[in-house]
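**Student:** Take a look and give me a structure for this.
(chains A and B)
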Number of protein chains: 2
Amino acid sequence: MKPRTSNPEPIPHLYTVIMAGGSGTRFWPLSRHLYPKQLLKIMGEETMIQQTMRRALRCTPPGRVLISTTPAQADSIRVQLGEWKDSLKDNYILEPEARNTAPAIALAATEALQRDPDAVMLMVPADHVIHKDGRFDAAVRLGTVLAGKGYLVTFGVPPSRPETGYGYIQPNRQRKLAGQGKLAGYAVKRFVEKPDEATAARYLKDGHYYWNSGIFIWRAATVLEEIARHQPGLAKGMKAIASRGPVRTVQGKAADIYRTLTPISIDNGVMERSSRAAMIPVDFRWSDVGNWSSLEEVSPRDKAGNVVSGNVIDIGSRNSILYADRRVVATIGLEDMVVVDTPDATLICPKTKSQDVKKIVGILKQQGAPEHLEHRTVVRPWGSYTVLEEGPGYKVKRVTVNPGGRLSLQLHHQRSEHWVVIAGTARVTCGARRFDLQVGESTGIPRETKHRLENQGKIPLHIIEVQDGPYLGEDDIVRYQDDYGRGERR
Amino acid sequence: MKPRTSNPEPIPHLYTVIMAGGSGTRFWPLSRHLYPKQLLKIMGEETMIQQTMRRALRCTPPGRVLISTTPAQADSIRVQLGEWKDSLKDNYILEPEARNTAPAIALAATEALQRDPDAVMLMVPADHVIHKDGRFDAAVRLGTVLAGKGYLVTFGVPPSRPETGYGYIQPNRQRKLAGQGKLAGYAVKRFVEKPDEATAARYLKDGHYYWNSGIFIWRAATVLEEIARHQPGLAKGMKAIASRGPVRTVQGKAADIYRTLTPISIDNGVMERSSRAAMIPVDFRWSDVGNWSSLEEVSPRDKAGNVVSGNVIDIGSRNSILYADRRVVATIGLEDMVVVDTPDATLICPKTKSQDVKKIVGILKQQGAPEHLEHRTVVRPWGSYTVLEEGPGYKVKRVTVNPGGRLSLQLHHQRSEHWVVIAGTARVTCGARRFDLQVGESTGIPRETKHRLENQGKIPLHIIEVQDGPYLGEDDIVRYQDDYGRGERR
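**Tutor:** Predicted coordinates for the structure are as follows:
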């Protein structure tokens, strides 16, 4: 949600690192491997990473927000954070490969330390929901005080149910480290792995255990020291990587080194072993929206307890999550069910089984089914395309080019293309010719012909593209010039 | 299923009337108003009406099969019964409007009597499942004996569960009218309306009640006499209709008369009132497949009791009906549920609620949603088309033209069209020009231009058609010549 008031003062030396490397299996079919949860509008009018960005701006100017992600997701994130594109231009830290959180954090800390020897880092996952941004601010401000004293600070969320899906933190109430108003920070007595149900119930009753939110604050120098102490292999690898060039875009040999790093989480690898861990019990509502059934914690429900979105026609369902798009989804008398519909895949399960969605994704992956990987609509820096139909020897797409956007100057060996303009004006380059097409006009692009599509107008350009040829993969593309620095993908 | 052996001898004077006027609400979203259950492959490789046709051929030659249906469904039925198109050419009896079964039967009886004063009619719904065709034959043969004696014969099915969705028949065991082997026919003691659960349970236990299958055998002359006796208004109307021309295609004034006939079922209107009703307890398995949950009576189930079809990925569901097409449908841990997926609509409900599907159809109808009316794929006499996408000012279709098929010579006032051939060869007429398009070639058809698409080849022609214009309804069409005698629809 856009804030009505201006942001509070930025916190000196604070960098907010948005951790956006999630793989998106648990919100399938709405999330995909290449389109994870942070890119979705799970609640509200903005996507989760947009909401996270706005929250970051309450503590840091946009130029001090770093985005930690993978190259495959960077295009989509750049599009979603386009409002701040100038400030964020050099702030993407691209992991060559996902190796869990500890290596990603080491990379981000190295970058932050190069920018500012006194850098303090607020680590926020891109896909969490936080209510009451003001209370979040206050906790961050107290966190930076503790970070300044050399602590690795985490936010502990008071549990509201016997959740077995989270780790827990027990603070040492005898060791209060700092306080500010009602908020206080404590030394950590111990971290606890995800408990079984009986233990979770005991923690809830006990009142001295908190959910580990995965939000951290620390000095870049401190976390690197603690990584060196508890994960010396990682520290050594990171030094070798940093010696070979900028850590924002790890490439070549350095990328090879990154790929050999032990994939370990910051919790297991550092926090649980460090004597410098601290925790602030926070007072804002938080959810990691970890699976479909958790949606009801953060979304408005109707009188019958349903969370309903999209073209749903329901008769008498109760306490269910009914999530549709434009297709008709008709439901009758469901109880405690999850139904999620997308253009190419539908999920139906009881809420109690929603954590098993990742098994479905595993099966699809094993089958090589595209439905685990990406949506029928794929975002590109110049706009997007939607596959309307694929069949033997042909593919039909709707292609949208944003005003000012243009695809690379390119050529296909295996396919010819036909373009029909259905909205806007297309500037077409085809071989030596250059011409404009208006709505209702069309042209053909023969194979082996250099061509380019661009939108020099003020409104989006929409075309229907019919491809035909023996091979129609996205990788049959030779790029001659590209505005977005891409060599491989269209 | 295609019979392995040749058919038995036809029964002299017997006409089989396939009643194919169903409206298709109960199998939504697989059935649609314009694509009812008889057109679906509910089980096996052939559609229900194709299976019904094969069964009819065991008793009657194809030239003595009459199809009672509506003009809206006749195109699709003609396509499905294309194997017998020469024999059936003059055998479609088109109701101007559905007025329940009594008027439709009066129309068919009038037609049959005109063809043969001694005509005996076997009335079979187009969308019932019957196992053991041989036993069906035997019952029909005994039925014709009873019909010859002046009875209105029905088939009674021994109940296997306390079904509340069917009417019941109690035969008079003291009045055996005829017998053949183990089969016998009895006078009817009484017809009973759909009972409540307790009554249905009592009927099941009693053993003297049978399900009313809706299959009848009678002489055309007899049923018209009984209609005249018990529904004199209908008889009078039918005489007026017959005096105005052929009853196969009731038109003009005659159609107006038909539309004023009281819509009453043959059961309520005649059978329950007649003293000439007889019943044969049959020994074949029968189902009217009246709703989704009844599918499990007639379809094979997997070890977990599921009926599964199409691209379903399931983890641990039991006793459920999971019906998909090409889209991915992922189900986890469902119990006693119905899930039916089609390209534009999905249904999810417990089996116990599957009779409420008609309420969903009612809501869609009220909303004017096209999903109650027809599929995204629409069958035409020349082939079919599938709407891939519709948006403001444009529509994208895949059009399939069968070998030898051609669309009408036509013109659109409001839209231009672009055709790209993706399989086969298109013979195109556009204004004064005539030319062929091969795979990968395309052409544009400007608005207000006479044009025609035809397939003179041996394999199906597939094109992608992109339409653009301010109005894209199917009714913006002016036809100049049509191979299929159509004036209004494309």
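
**Student:** For A:Asp75, which non-adjacent residue is closest in space?
**Tutor:** Using CB to CB, 6 or more residues apart in numbering or on different chains and skipping the chain neighbours, the partner closest in space to A:Asp75 is A:Pro381 (5.6 Å). Heads up, the C-betas are built off the backbone N, CA and C, glycines and all.

**Student:** A:Glu417 too?
**Tutor:** Per CB to CB, 6+ apart, closest to A:Glu417 is A:Ile445, 4.3 Å.

**Student:** Could you check how many residues crowd around that neighbour?
**Tutor:** When neighbours are counted by other CB atoms under 10 Å in any protein chain shown, A:Ile445 registers 24.

**Student:** contacting residues for it?
**Tutor:** The neighbourhood of A:Ile445, defined by CB atoms under 8 Å, 6 or more residues apart in numbering or on different chains, consists of A:Ser416, A:Glu417, A:His418, A:Trp419, A:Cys430, A:His451.

**Student:** Inside strands: which ones of these?
**Tutor:** Filtering the contacts of A:Ile445 for membership in strands, criterion DSSP state E, returns A:Ser416, A:Glu417, A:His418, A:Trp419, A:Cys430, A:His451.

**Student:** which SSE is the closest residue to chain B within the stretch 1-150 of chain A in?
**Tutor:** Here the residue of the stretch 1-150 of chain A nearest chain B is A:Pro29; by CB to the nearest CB that distance is 7.2 Å. When elements are assigned from DSSP states H and E, A:Pro29 belongs to no helix and no strand.

**Student:** For it, which non-adjacent residue is spatially closest?
**Tutor:** Across the structure, with CB to CB, 6+ apart as the measure, the residue nearest A:Pro29 apart from its sequence neighbours is A:Ala345 (3.9 Å).

**Student:** so A:Tyr92 bridges to which residues?
**Tutor:** With DSSP bridges applied, A:Tyr92 shows beta-bridge pairing to A:Ile67.

**Student:** ok now do it, which residues does it touch?
**Tutor:** If a contact means CB under 8 Å, 6+ apart, then A:Tyr92 has A:Leu66, A:Ile67, A:Thr69, A:Ala74, A:Ile77, A:Arg78, A:Arg248 as its contacts.

**Student:** What segments of the stretch 251-400 of chain A are strands?
**Tutor:** Counting by DSSP state E, counting those that start in this stretch, residue ranges of the strands within the stretch 251-400 of chain A are A:277-281, A:286-287, A:307-309, A:312-315, A:321-323, A:328-332, A:337-341, A:345-350, A:377-380, A:383-391, A:394-401.

**Student:** Give me the below-cutoff pLDDT ranges for chain A.
**Tutor:** Judged by pLDDT under 70, chain A has its weakly predicted residues at A:1-5, A:487-490.

**Student:** quick revisit: in CSV, list the contacts of A:Ile445 along with neighbour count.
**Tutor:** Rendered in CSV, the data for the contacts of A:Ile445 read as follows (neighbours: other CB atoms under 10 Å in any protein chain shown):
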residue, neighbour count
A:Ser416, 20
A:Glu417, 25
A:His418, 25
A:Trp419, 25
A:Cys430, 18
A:His451, 20
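
**Student:** ok, so of the residues you listed, who is nearest A:Ala147?
**Tutor:** The shortest approach to A:Ala147 among the contacts of A:Ile445 belongs to A:His451, at 53.4 Å (CB to CB).

**Student:** how far away is that closest one from A:Pro403?
**Tutor:** When CB to CB, to the nearest Å is applied, the distance between A:His451 and A:Pro403 equals 20 Å.

**Student:** and what of A:His33?
**Tutor:** Look at A:His33 and A:Pro403: by CB to CB, they are 30 Å apart.

**Student:** Could you verify my assumption that the residue nearest to A:Asp75 touches A:Leu407?
**Tutor:** No. Because the distance of 9.5 Å does not satisfy CB atoms under 8 Å, A:Pro381 is recorded as not touching A:Leu407.

**Student:** Compare the two (neighbour count), which wins?
**Tutor:** A side-by-side neighbour count of A:Pro381 and A:Leu407, using other CB under 10 Å, places A:Leu407 first with 24 against 19.

**Student:** one step back: will you turn the strands of the stretch 251-400 of chain A into TSV that also has mean neighbour count?
**Tutor:** Converted to TSV, the strands of the stretch 251-400 of chain A look like this (neighbours: other CB under 10 Å):
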stretch	mean neighbour count
strand A:277-281	26
strand A:286-287	21
strand A:307-309	20
strand A:312-315	19
strand A:321-323	24
strand A:328-332	24
strand A:337-341	26
strand A:345-350	24
strand A:377-380	19
strand A:383-391	17
strand A:394-401	22
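
**Student:** The ones you listed: which one's closest to B:Leu14?
**Tutor:** Of all those, strand A:328-332 comes closest under CB to CB, at 42.5 Å.

**Student:** which secondary structure elements does the closest one contact?
**Tutor:** When contacts are defined as 3 or more CB pairs under 8 Å, 6 or more residues apart in numbering or on different chains; DSSP states H and E, strand A:328-332 packs onto strand A:312-315, strand A:337-341, strand B:345-350, helix B:357-366.

**Student:** could you dump these to JSON lines with distance to A:Val153?
**Tutor:** Shown next, in JSON lines, are the helices and strands packed on strand A:328-332 (distance: least, CB to CB, whole Å):
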{"stretch": "strand A:312-315", "distance to A:Val153": "43"}
{"stretch": "strand A:337-341", "distance to A:Val153": "35"}
{"stretch": "strand B:345-350", "distance to A:Val153": "46"}
{"stretch": "helix B:357-366", "distance to A:Val153": "53"}
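
**Student:** Mind checking these for the one nearest to A:Ser275?
**Tutor:** Of all the helices and strands packed on strand A:328-332, it is strand A:337-341 that lies closest to A:Ser275, at 42.9 Å by CB to CB.

**Student:** Tell me what angle the closest one forms with strand A:328-332.
**Tutor:** Between the direction of strand A:337-341 and that of strand A:328-332, the angle (axes from the mean of the first three to the mean of the last three CA atoms, to 10 degrees) works out to 170 degrees.

**Student:** Might you report the residue contacts of the residue nearest to A:Asp75?
**Tutor:** By CB under 8 Å, 6+ apart, A:Pro381 lies in contact with A:Asp75, A:Arg78, A:Val79, A:Gly405, A:Asp483, A:Tyr484, A:Arg486.

**Student:** Now which of these would you call buried?
**Tutor:** A:Asp75, A:Arg78, A:Val79, A:Gly405 (16 or more other CB atoms under 10 Å in any protein chain shown).

**Student:** Which ones among those residues map onto helices?
**Tutor:** The members of the buried ones among the contacts of A:Pro381 that map onto helices under DSSP state H are A:Asp75, A:Arg78, A:Val79.
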